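K.L.:
quick one: sequence plus predicted model below, questions after.
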Amino acid sequence: MDTARFILVAEMFSALSHPKRLEIISHIGWGERGSGELAELTRPSKANVSQHLNVLKARALVYCEKVGTSCRYRVTSPKVLEVCDLIRQIVLDQMETDSERRKSLTEILPFSRERKGGA
């Protein structure tokens, strides 16, 4: 039973794991978009955008509203954007930690200099 729960969550993360899909979600998060607009904004072909949109739709992360013969895409829930923002913040926190570590490492005298001066 628990494994099924983790599989569902992993499938959701898998749908979010492609950079182009995150870019598409980012653009849709600012407002509804058609696949042609998304292709112009993200630069892959319209067919490639459609493939990514199909993955996102299959996981119910985005919704397609038919307008005439085309679709307007939007996120299905603000929680989708919240998850992406949360992950973004984790990445920023890690970068800050790495930056602090880097700074503290630069404050240590280089090893080779110590050997030259002390030898």
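P.N.:
Looks like it arrived, so ask away.
K.L.:
and the helix or strand containing residue 81, what's its mean pLDDT?
P.N.:
In this assignment (DSSP states H and E), residue 81 forms part of helix 78-106. For helix 78-106, the mean per-residue pLDDT is 92.
K.L.:
buried set for that helix?
P.N.:
Of all the residues in helix 78-106, those buried under the rule 16 or more other CB atoms under 10 Å are 80, 83-84. Just so you know, the C-beta spots here come from the backbone N, C-alpha and C atoms, and that holds for glycine as well.
K.L.:
okay, these in a markdown table with distance to residue 40 next?
P.N.:
Formatted as a markdown table, the buried residues of helix 78-106 follow (distance: CB to CB, whole Å):
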| residue | distance to residue 40 |
| --- | --- |
| 80 | 22 |
| 83 | 26 |
| 84 | 21 |
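K.L.:
just give me the closest of those to residue 98.
P.N.:
residue 84 (21.0 Å; CB to CB).
K.L.:
OK, contacts around the closest one?
P.N.:
For residue 84, the contact set (CB atoms under 8 Å, 6 or more residues apart in numbering) comprises 16, 22, 25-26, 29.
K.L.:
can you get me a residue count around residue 61?
P.N.:
When neighbours are counted by other CB atoms under 10 Å, residue 61 registers 23.
K.L.:
separation between it and residue 111?
P.N.:
49 Å (CB to CB, to the nearest Å).
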